[in-house]
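> Sequence first, then the predicted structure:
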Amino acid sequence: MTKPVILSTDPGIDDAVAISILLFDPQVDVKLIAAAAGNVGIEQTLNNVLKLEKFLGKKVPVVEGCKRALIKAPVDAASVHGKSGMDGYDFPEPDLDLLLKDTTAPEAIHKVVANSSEKVTLVGIAPLTDFALYIRLYPEDLANIEELVLMGGCIGRGNYGIYSEFNIAGDPEAAKIVFESGLKIRVAPLELGFQALVKPEISERIKSLGSVGDMFYSLFKRYRGGSFNTGLKIYDALAAGILLNPTMFDFEEAYVDIIADQGPTNGASLMDFNNKLNKPVNALIGKSVNVDEFIAWFIEAIKKTC
Ligand code: RIB
Ligand code: CA
């Protein structure tokens, strides 16, 4: 039985990898892609989703997400992904026929979930604004949500703030709503990306995997999440891996608290593995990944896209 999936994404070069893997994996049926503001502005991320689907020959409906976070001022990672958000490869024109008009991301998510005979899996690889709004607007839907798999947070030091990871820091209030929602949540924190580096020899192998492999290679040459020569951190692909091949990972239960104050810890994700806060577990954290298994899976996953 294929799992119905709704994806919230802010492509983003590592998003592009995760989107492509999810779109071609036979275990999942991606019903909707919600473009989120994050790595770059919503106009670019929306355009990138539509361009990527055109390139991949896919026809999954796309909806424009919220233009900005609930409270937080806009964040930006153009230095990592390029001004367009997917610099490095000359994509075809976007497939505008895929864009849902006269609706919002929460409403479009609700329509899929309310009409699904199977519980729907949410995948979040961007700031969590749209999923938070959805949770607040349609609480009755949550019984028909299987789980939320998200890339976000960090066990230790962050990549945005001292202790904050970009997706969580992009909308801390939204992350707080999500982690307090009661949904089953599995998390790919920053540390998994640090472990599962895509080394140059792997990128060279990927280059030979057809037009999609060549596209990824071109993006990887531009991507600044890590470095092409010492290893790329393709964070969002780890979230896809948790959904599609969870045995590669070791998980640990935690209570996750998101700091949404205005101080230097804004956007921090406190991951309490030892019940120090005396709060109930609200997430399963991917603590480690078998790197050899991940790389082998990653290459096979990309072969499926060709
Ligand atoms: O911190 C990494 C996350 O922020 C990834 O999802 C990347 O695409 C950026 O959105
Ligand atoms: Ca992302």
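Okay, I see it. Ligands and ions are numbered 1, 2, ... in the order given.
> which residue does the stretch 151-300 of the chain bring closest to ligand 2?
Asp236 (4.9 Å; C-beta to the ion). Using the backbone N, CA and C atoms, a C-beta is placed for each residue, glycine as well.
> Was I right to think that residue contacts Val17?
Yes - taking C-beta atoms under 8 Å as the definition, Asp236 is a contact partner of Val17 at 6.6 Å.
> Which of these two has more residues huddled nearby?
Set side by side, Asp236 and Val17 show more neighbours around Asp236, with 33 against 30, by other C-beta atoms under 10 Å.
> May I ask which helix or strand encompasses that one?
For Asp236, the element it lies in under DSSP states H and E is helix 235-244.
> Show me what secondary structure element comes after that helix.
Of the helices and strands lying after helix 235-244 in sequence (DSSP H and E), the nearest is strand 249-258.
> Within the sheet, what are the partner strands of the helix or strand that comes right after that next one, with directions?
Moving toward the C-terminus from strand 249-258, the next helix or strand (DSSP H and E) is strand 269-272. Strand pairing for strand 269-272, determined by DSSP bridges: strand 249-258 (antiparallel).
> so the partner strand versus helix 235-244, what angle?
With axes from the mean of the first three to the mean of the last three C-alpha atoms, to 10 degrees applied, the angle from strand 249-258 to helix 235-244 works out at 120 degrees.
> show me what contacts the residue of the stretch 201-306 of the chain found nearest ligand 1?
Nearest to ligand 1 in the stretch 201-306 of the chain, going by C-beta to the nearest ligand atom, is Tyr235, at a distance of 4.2 Å. Going by C-beta atoms under 8 Å, 6 or more residues apart in numbering, Tyr235 touches 14, 125, 151, 188, 190, 192-193, 225.
> Next one, pLDDT for it please.
We note a pLDDT of 98 for Tyr235 in this prediction.
> for the closest residue to Ser116 other than its chain neighbours, helix, strand, or coil?
Counting by C-beta to C-beta, 6 or more residues apart in numbering, Pro4 is the residue found nearest to Ser116 once chain neighbours are left out, at 5.3 Å. Secondary structure state of Pro4, per DSSP: H, G, I helix; E, B strand; the rest coil, is strand.
> Wait, Pro4 touches Asp29, no?
Yes - the criterion here is C-beta under 8 Å, and Pro4 meets it with Asp29 at 5.3 Å.
> Can you show me the strands along the protein?
3-9, 28-35, 62-64, 120-125, 145-151, 185-188, 226-227, 231-232, 249-258, 269-272, 283-289 (DSSP state E).
> tell me the contacts of the nearest residue to Ile109 once chain neighbours are set aside?
Once flanking residues are discounted, Ile109 sits nearest to Tyr134: 4.8 Å by C-beta to C-beta, 6+ apart. For Tyr134, the contacting residues are 105-106, 109-110, 141, by C-beta under 8 Å, 6+ apart.
> any idea how far Lys111 lies from ligand 1?
25 Å (C-beta to the nearest ligand atom, to the nearest Å).
> can you count the residues close to that residue?
Lys111 - counted by other C-beta under 10 Å - has 17 other residues nearby.
> quick one: contacts for it?
By C-beta under 8 Å, 6+ apart, the residues touching Lys111 are Thr103.
> For ligand 1, what's the nearest residue on the stretch 51-200 of the chain?
For the stretch 51-200 of the chain, C-beta to the nearest ligand atom, closest residue to ligand 1: Phe166, 3.5 Å.
> I figured that residue hits Lys72, correct?
No - between Phe166 and Lys72 there is no contact under C-beta under 8 Å: 11.6 Å.
> More neighbours: which of the two?
With neighbours defined as other C-beta under 10 Å, Phe166 and Lys72 compare such that Phe166 has more, 27 against 19.
> Grab the nearest non-local neighbour of Val200.
You called it Val, but residue 200 is Pro. Asn229 (5.8 Å).
> Likewise for Val178?
Nearest to Val178 is Leu128, by C-beta to C-beta, 6+ apart, at 4.8 Å.
> Which pLDDT value goes with that neighbour?
98.
> Quick check: phi and psi at it.
phi -90, psi 20 (degrees, to the nearest 10).
> Next up, the contacts around it.
8, 150, 152, 167-168, 171, 174-175, 177-178 are the contacts of Leu128 under C-beta under 8 Å, 6+ apart.
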